[in-house]
Every structure is written in structure tokens, then in C-alpha cells.
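*Asks:* next come a sequence and a model predicted from it.
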Amino acid sequence: MKSYIIGLLTTTFFVLFSSAVLAQEKQYKVACVGFYNLENLFDTVDDPNKRDEDFTPDGSYSWGDEKYKNKLKNMAHVIEDMGKEISPDGMAILGVCEVENRKVLEDLVQEQKIKGRDYQIIHEESPDRRGIDVGLLYQAKYFTPTNFKSYELKFPDNPDYFTRDQLVVSGTMDEDRINIIVAHWPSRSGGQAKSEPRRIQAAQLGRKIIDSLLAVDPSSKIILMGDLNDDPVNKSVKDYIRAKAKVKKMKDGDMYNTMYDKYKQGDCTLAYRDAWNLFDQLIISEGLTGNDCSSFVFHKSYVYNKPYLRQKEGLYKGYPKRTHAGGKYLNGYSDHFPVYLVLKKEVK
């Protein structure tokens, strides 16, 4: 079987099935949906309600207009390029995290490289003490949101600990209803084991949201995306979200982790102390699996890790090229590689 991918939604890609007896051609609409940790996309203004002092002109990063504009330009370059081999329009939907406020997203979507795509923004302020939030960018010609809601993650055992909300956006794509959950789970600060209970609680909230969507429609098309600060094999993801490694292992209500095989192959999204992890994940419901292409279903997932996103020399050669590292300004991109998946739908 050979596949030829030549466009997105307004065009098609073709899959050619052939045998000695029969040759068939099928056409599909495709849509790219991704997630990107933008690593500290802060403006230059000191907000007294946030711990953003480092990202000011007088802060430790000397974060002035030039660096801020470089950051926006670099992020836009990545977003513009993601998925272009599949569609010239790239990401129809892109979840993001580590953004300070709506204003930085407004500045981002006005960058020259992506301005023509007319990305719309969904964003809500989170109670995170650093001031970083999650958000969603979407192209209105592909996705029409119908409602959205932020869910605060609370810790009864530690009411003074605040983290990012989980953003849920529901809408339609070519008449198919799609539900997107954008998450940025608590970090591993203090060590993986010590901090794990917080991510388990984040997973429990995510699972509660998933169950509420499935209760309305058991065939709901759901994509949980985000920086989960855990790998596909950790129990927060595997046991609490119930994200399976294989579609054939799914039972009612289970999710499928489209990034599991990537992780096992070493195709990861970030590195720390010579260890690689795949925290950035795209997890889908049963409604997006299977072979019935009369509506959108999952086709393939990717880690976007082109060479220009990698550190080219030194101790951290091969790591994601960051904006800052080792106290130095690198004018890089992010400490995470972005990820995306392709949805397909047969053209009748």
C-alpha cells in the first residue's frame, strides 16, 4: 500500500489499494492537530500578581523587547512549519502551554509567518503562581468551537498549591464534533516519586472530564493533549487516564495513547541530565480509532524534531535548543519538541 498526502480539508490525500484482481482509489480529507510547550512565553511587563520578575528588562534574563520579539518569531516559525508536508495550512488546531496571558498569544498569531492563517484564540487565566497558562489556537475555516470551560485542579491536602487549569474546548470540524482537552500537569519538582501524587490527581481530573463527555455520547471524539510531566508508561497516564498502548487492548471507556510507540522507539520530546522523556502526548478516545472513515479518525502521530530545533554543539548537543540555557541567551525555541497527529475522513 502506498500513501500520497497532498493537502488538508479543502484538498485531499489519496490511498491506493491494489491487487491482482482489483484496484481501488480512495480520497480523504485530513486535518493536523498538535500541541506545543512554548517554554516561558512571557511578555516584558511585570505583573504584580505573578512570579514573572525574571522576564522583565531588569530581571535575571534581561527580558526586553528584542528578546520577546525574537521569541515570538521563533515560535511562529515552528508553528508555520509543523505538518506542512501534509498541508500547506499546517495545524488546524494547536494546543499550547507555558504562556503568560492572552496578550502573548495575540502577539504570536500576528507574527508574519502565521498571520495569514488567521488563528483564533481560546485562553483562560490559571491560578498557577508562575503565571503560566494553557491555551488553544485554531483556524476558523477548519474548526468551529461551540463551548469551552476551564477546570481548576485543587489539592485538598495542600490548598496553597496552585497549578494550571485544564481547558476543555468542544466544537465541530467538517460537521464532526471534536472535544479537545489541553493540559499541563504539575511538574516533577522535588523528584518524580515525591511529586507523582499531584500528577495522579491531575489525571483523575482529566479522567473525570473524559467520563463526563462519554456519558453524553459514548462515541465521543476526544483528544487529550498536553505536557503531562509523565511518560506514557507512568501510572498517572497508563492507569488513571487509562491510556492504552494498543487499540486492540482498549475496553469500554479506555483511551489510546498515540505517542506510546514513539516513546518505546526513543522518539522523545525533551531531555534532562542525559535522560529522554516523552511528556508531550496526544491521547484519543475510541471514537477516533478504527477503520470507519465516514467521520474523522486517527491516521498517524509525529514528534516534530527537525534539526534546526536541536542544539548543535556542546554538552547538550541533540537536546531541544532553548531560549536560555546555562545562564546564556541562545535565541532558541523551547525545551520541548512539539507533537501532532493527523486525522482523516473519507470523501464520498
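*Replies:* Nice, thanks for sending it over.
*Asks:* for the stretch 51-200 of the chain, which segments count as helices?
*Replies:* Taking DSSP state H, counting those that start in this stretch, the helices of the stretch 51-200 of the chain run over residues 65-81, 102-109, 112-115, 192-216.
*Asks:* likewise the stretch 201-348 of the chain?
*Replies:* So, for the stretch 201-348 of the chain - with DSSP H, counting those that start in this stretch - the helices run 235, 260-264.
*Asks:* pick the most buried one from those.
*Replies:* Stretch with highest mean neighbour count among the helices of the stretch 201-348 of the chain: helix 260-264 (a mean of 18; mean count of other C-beta atoms under 10 Å). To be clear about C-beta, it is placed using only N, CA and C from the backbone, and glycine gets the same treatment.
*Asks:* and the strands in the stretch 201-348 of the chain, which stretches?
*Replies:* With DSSP state E, counting those that start in this stretch applied, the stretch 201-348 of the chain shows strands at 222-227, 243-244, 255-257, 270-272, 275-277, 280-285, 297-303, 324-325, 328-329, 339-346, listed in chain order.
*Asks:* send the alpha carbons of the longest one over as CSV?
*Replies:* C-alpha atoms of strand 339-346 as CSV (Å, rounded to 0.1, in the frame of the first residue of the first chain):
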residue,chain,number,x,y,z
VAL,A,339,3.9,16.9,18.7
TYR,A,340,1.0,16.5,16.3
LEU,A,341,-1.4,13.9,14.8
VAL,A,342,-3.3,13.6,11.5
LEU,A,343,-7.0,12.9,11.3
LYS,A,344,-8.5,11.5,8.1
LYS,A,345,-12.0,11.3,6.7
GLU,A,346,-13.1,9.6,3.5
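*Asks:* longest strand of this structure?
*Replies:* Longest strand in the chain, counting residues (DSSP state E): strand 23-41.
*Asks:* how about the helices of the stretch 51-200 of the chain, which one is nearest residue 258?
*Replies:* helix 192-216 (15.2 Å; C-beta to C-beta).
*Asks:* follow-up on the earlier one: okay, the helices of the stretch 51-200 of the chain in TSV with mean pLDDT and distance to residue 174 next?
*Replies:* Listed next are the helices of the stretch 51-200 of the chain as TSV, based on pLDDT from 0 to 100; distance: least, C-beta to C-beta, whole Å:
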stretch	mean pLDDT	distance to residue 174
helix 65-81	98	22
helix 102-109	98	22
helix 112-115	98	22
helix 192-216	98	19
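*Asks:* right, so of the strands of the stretch 201-348 of the chain, which gets closest to residue 192?
*Replies:* That would be strand 275-277 among those, by C-beta to C-beta, at 9.9 Å.
*Asks:* name the helices or strands packed onto that closest one?
*Replies:* The helices and strands touching strand 275-277, judged by 3 or more C-beta pairs under 8 Å, 6 or more residues apart in numbering; DSSP states H and E, are strand 270-272.
*Asks:* chain center to stretch 333-343, what's the gap?
*Replies:* In terms of C-alpha atoms, centre = their mean, to the nearest Å, the centre of stretch 333-343 is found 6 Å from the chain centre.
*Asks:* correction: the previous question concerned stretch 301-310.
*Replies:* 14 Å.
*Asks:* quick one: mean pLDDT over it.
*Replies:* Stretch 301-310 shows a mean pLDDT of 98.
*Asks:* now do stretch 241-249
*Replies:* On average, stretch 241-249 scores 97.
*Asks:* just for the stretch 1-150 of the chain, where's the confidence low?
*Replies:* 1-24 (pLDDT under 70).
*Asks:* correction: the previous question concerned the stretch 201-348 of the chain.
*Replies:* In the stretch 201-348 of the chain (pLDDT under 70), no residue qualifies.
*Asks:* and residue 25, how far from residue 346?
*Replies:* 11 Å (C-beta to C-beta, to the nearest Å).
*Asks:* neighbour count winner among the two?
*Replies:* residue 346 (16 against 9; other C-beta atoms under 10 Å).
*Asks:* show me the contacts for the more buried one.
*Replies:* By C-beta atoms under 8 Å, 6 or more residues apart in numbering, the contact list for residue 346 reads 26, 27, 28, 29, 293, 294.
*Asks:* among the residues you listed, which one sits closest to residue 214?
*Replies:* Distance ranking of the contacts of residue 346 against residue 214, using C-beta to C-beta, places residue 294 first at 20.3 Å.
*Asks:* OK, contacts around that closest one?
*Replies:* Contacts of residue 294 by C-beta under 8 Å, 6+ apart are 345, 346, 348.
*Asks:* so what's the last one closest to, chain neighbours aside?
*Replies:* Take residue 348 and drop its neighbours on the chain: the residue closest to it by C-beta to C-beta, 6 or more residues apart in numbering is residue 294, 7.7 Å away.
*Asks:* over to that neighbour: give its phi and psi.
*Replies:* Backbone torsions for residue 294, taken as degrees, to the nearest 10, come to phi -70, psi -20.
*Asks:* ok, it to residue 26 distance?
*Replies:* 12 Å.
*Asks:* thought residue 213 was touching residue 222?
*Replies:* Yes - contact criterion C-beta atoms under 8 Å: residue 213 and residue 222 qualify, at 5.7 Å.
*Asks:* what do these two both touch?
*Replies:* With C-beta under 8 Å, 6+ apart, residue 213 and residue 222 have common neighbours 179, 285.
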